[in-house]
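**Student:** Provided below are the primary sequence and the corresponding predicted coordinates.
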Amino acid sequence: MKLNRRRKKIEFKYVVLIVIAGILILIGFLSLSVKGDRHQTFIEKGIRDIGLNIQKVLYTPFRFIGDKIDEYSDMKRIYKSYKELDERKSKINVLEAENEELKKSLDELKKLLELKNHLSEYEKENAAVINRNVGDWYNTLTIDKGEKSGIKVGMVVITDSGLIGKIIKTSFYTSDVKLITTMDLNTKISVGVSSKDNTTYGLLSGYDIKKKELLVIDIIDDTPINIGDKVVTSGLSDVFPKGIIIGTVSKIESDDFATSRRVRVTPATNFNSLRYVTVLKGDIAND
Amino acid sequence: MINLIISFFLDGLLSIYQKTLHITPMFSIVALIFLFLRYHKDSSFYYKACLFAGFIYDLLYTNTFPLNTLIFLLLGFIISKLYLFFSNNLLNGIIINLLVLIIYKLVTFVILVLIGYLPFNFVLILDNLLSIILTNTFFFIFIYIVFKEHKRKISRYGL
């Protein structure tokens, strides 16, 4: 009887150990999978492409209606701009000549300084958003271009308003973009805050979901920063080219230990209505 | 099953407009309740369907395999247990729907905090809870009435 009870106790111990080990392995695997480090298998990519392409077809009528509404509002805006431009037409020839001259000078200066990692160096690939990640917490979206269009993990994604994120996963015909509004604790981007004469550097890290503002931390120098100053990618990392606008400074505060400054940034892009994006195709440096 | 397929694609389609329309569709999870009402006598098929729905949800929408695969299976189990205590009517369905959505949100949050993906901040849970409840309760009522789900009798010991 006693022996039996002891045996049961030992068995129970093993069961608990196996359960704990199982949970730890599962959490480890989930961590690897959710953080985007795991590469998709051929079958996963295939299923994903089939499913998302069916969804793309179903989405076509909605996109068509949306595009028509946008076109109508754009037409109104374009007519207004046309009237304004018509008045400035005479200055265009002079500006074109000036622009050519400036381009040449810029190229020469770049060669002289061996500058790389500039926005102009990148080939651009336009794509449509076909799915926005269902859970609010992941902050990713899916675009309709993948490996077949030359998209690779790590490529930078922008809109005409500014930076929105980077590619984290690719299948043959689709790719996932992680947005900069992610609350993922591991996402950090080197940025510059540009005032009239100076630029100061910090790290874009985090998003205030309540106030809908991005956070730039670790600004250690005393360069003056004003509300309304532009925040752009610094180009100090190899991933994000220099000069992509992120937003404007909306509040300046000191960090919890008063050792550095922290600024709140109103994003330049409206993340609520992303329908078309541009992927910057270039050499991907290992981050 | 048709409920699940429609809900699944609606989740994807509406995800693009969720920020502009201030809705948070989680229709695939709501559809698990209807799937149970339809297949409660064939528990093996029901759990396989939950597992498969979670797997496809992971692959297509969240890219977090096997997070949702396992959570969908857990939700299927919870739904089957809840229907041991609740009879099938609209009000009970709404209560089960709310419980399942809150459990989904809580379990996902806890796992994402545990693996260091999210900061431990309850604001993240409360942020769009109202939108989740309203959107999905409305969807539940709509499907319940349109597909006349009240006509399905649940045997409490059917599983």
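**Tutor:** Thanks, I have it. Residues are numbered from 1 along each chain as shown, chains lettered A, B, ... in the order given.

**Student:** drop to CA atoms for contacts and neighbour counts, all remaining ones
**Tutor:** Will do.

**Student:** following element in sequence after the helix or strand hosting residue A:85, please.
**Tutor:** Residue A:85 is part of helix A:42-113 when elements are defined by DSSP states H and E. Moving toward the C-terminus from helix A:42-113, the next helix or strand (DSSP H and E) is strand A:123-132.

**Student:** so residue B:60 makes contact with residue A:48?
**Tutor:** Yes: using Cα atoms under 8 Å, residue B:60 is in contact with residue A:48, at 5.4 Å.

**Student:** is chain B contacted by the worst-scoring helix or strand of chain A on mean pLDDT?
**Tutor:** In chain A, no helix or strand scores lower on mean pLDDT, DSSP states H and E than helix A:2-34, which sits at a mean of 77. Yes: using Cα under 8 Å from any Cα of the partner chain, helix A:2-34 comes into contact with chain B via A:27-28, A:30-31, A:33-34.

**Student:** just the buried members of these?
**Tutor:** With burial judged by 16 or more other Cα atoms under 10 Å in any protein chain shown, the buried subset of the residues of helix A:2-34 next to chain B is A:27, A:30-31, A:33-34.

**Student:** neighbouring contacts of stretch B:71-81?
**Tutor:** Residues outside stretch B:71-81 that contact it (Cα atoms under 8 Å, 6 or more residues apart in numbering or on different chains): B:29, B:32-33, B:36, B:40, B:46-47, B:50-51, B:53-54, B:96, B:100, B:104, B:107-108, B:159.

**Student:** which residues of chain B fall in helices?
**Tutor:** Taking DSSP state H, the helices of chain B run over residues B:2-15, B:18-21, B:27-39, B:43-57, B:67-82, B:90-114, B:123-126, B:129-146.

**Student:** want to throw these into TSV with mean neighbour count, distance to residue A:131 and mean pLDDT?
**Tutor:** Conversion of the helices of chain B to TSV gives the following (neighbours: other Cα atoms under 10 Å in any protein chain shown; distance: least, Cα to Cα, whole Å; pLDDT from 0 to 100):
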stretch	mean neighbour count	distance to residue A:131	mean pLDDT
helix B:2-15	19	6	86
helix B:18-21	15	11	79
helix B:27-39	23	15	92
helix B:43-57	20	12	92
helix B:67-82	20	17	92
helix B:90-114	17	20	92
helix B:123-126	14	22	80
helix B:129-146	16	18	91
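
**Student:** which one of those helices lies nearest to residue A:241?
**Tutor:** Closest approach to residue A:241 among the helices of chain B (Cα to Cα): helix B:18-21, 28.4 Å.

**Student:** excluding its backbone neighbours, what's nearest the residue nearest the centre of chain A?
**Tutor:** The centre of chain A sits closest to residue A:165, judged by Cα atoms, centre = their mean, with a distance of 0.6 Å. Once flanking residues are discounted, residue A:165 sits nearest to residue A:179: 4.3 Å by Cα to Cα, 6 or more residues apart in numbering or on different chains.

**Student:** could you measure from the one you found over to residue B:25?
**Tutor:** Between residue A:179 and residue B:25 the computed distance is 20 Å (Cα to Cα, to the nearest Å).

**Student:** those two: who's more crowded?
**Tutor:** residue B:25 (26 against 22; other Cα atoms under 10 Å in any protein chain shown).

**Student:** enumerate every residue touching that one.
**Tutor:** Applying Cα under 8 Å, 6+ apart to residue B:25 gives the contacts A:134, B:10-11, B:14-15, B:18, B:132, B:135-136.

**Student:** now for those residues, which pair is the farthest apart?
**Tutor:** Farthest pair in the contacts of residue B:25, by Cα to Cα: B:10 and B:132, 14.6 Å.

**Student:** next, format the contacts of residue B:25 as a markdown table and append distance to residue A:226.
**Tutor:** Formatted as a markdown table, the contacts of residue B:25 follow (distance: Cα to Cα, whole Å):
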| residue | distance to residue A:226 |
| --- | --- |
| A:134 | 37 |
| B:10 | 45 |
| B:11 | 42 |
| B:14 | 39 |
| B:15 | 37 |
| B:18 | 34 |
| B:132 | 38 |
| B:135 | 41 |
| B:136 | 44 |
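
**Student:** out of the residues you listed, the closest to residue A:78 would be?
**Tutor:** Of all the contacts of residue B:25, residue B:18 has the smallest distance to residue A:78: 28.5 Å, by Cα to Cα.

**Student:** ok, what's across the strand from residue A:126?
**Tutor:** Beta-bridge partners of residue A:126, counted by DSSP bridges, are residue A:278.

**Student:** look up how far chain B lies from it.
**Tutor:** Remark: distance between residue A:126 and chain B (Cα to the nearest Cα, to the nearest Å) = 18 Å.

**Student:** show me the contacts for the most centrally placed residue in chain B.
**Tutor:** By Cα atoms, centre = their mean, chain B has its centre lying nearest to residue B:29, at 1.7 Å. Shown in contact with residue B:29 (Cα under 8 Å, 6+ apart): B:72, B:100-101.

**Student:** do the same with residue A:213
**Tutor:** Contacts for residue A:213 (Cα under 8 Å, 6+ apart) come out as A:207, A:264-267.

**Student:** rebuild the residues you listed as a markdown table, extending it with pLDDT, secondary structure and neighbour count.
**Tutor:** What follows is those, written out as a markdown table (pLDDT from 0 to 100; DSSP: H, G, I helix; E, B strand; the rest coil; neighbours: other Cα atoms under 10 Å in any protein chain shown):
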| residue | pLDDT | secondary structure | neighbour count |
| --- | --- | --- | --- |
| A:207 | 85 | strand | 20 |
| A:264 | 92 | strand | 23 |
| A:265 | 93 | strand | 26 |
| A:266 | 92 | strand | 21 |
| A:267 | 92 | strand | 23 |
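
**Student:** nearest to chain B, of those?
**Tutor:** Nearest to chain B, judged by Cα to the nearest Cα, of the contacts of residue A:213 is residue A:207 at 11.0 Å.

**Student:** now the helices of chain B in TSV, with distance to residue B:154?
**Tutor:** As requested, the helices of chain B are exported to TSV (distance: least, Cα to Cα, whole Å):
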stretch	distance to residue B:154
helix B:2-15	18
helix B:18-21	34
helix B:27-39	7
helix B:43-57	13
helix B:67-82	10
helix B:90-114	12
helix B:123-126	33
helix B:129-146	15
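
**Student:** thinking again about what came up before, got the contacts of residue A:213 as CSV, with distance to chain B columns?
**Tutor:** Converted to CSV, the contacts of residue A:213 look like this (distance: Cα to the nearest Cα, whole Å):
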residue, distance to chain B
A:207, 11
A:264, 18
A:265, 20
A:266, 17
A:267, 15
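
**Student:** now render those as CSV, adding distance to residue B:153.
**Tutor:** Shown next, in CSV, are the contacts of residue A:213 (distance: Cα to Cα, whole Å):
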residue, distance to residue B:153
A:207, 48
A:264, 56
A:265, 55
A:266, 54
A:267, 52
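
**Student:** return the member of those nearest to residue A:69.
**Tutor:** Nearest to residue A:69 among the contacts of residue A:213, with distances taken as Cα to Cα, is residue A:267, at 24.5 Å.
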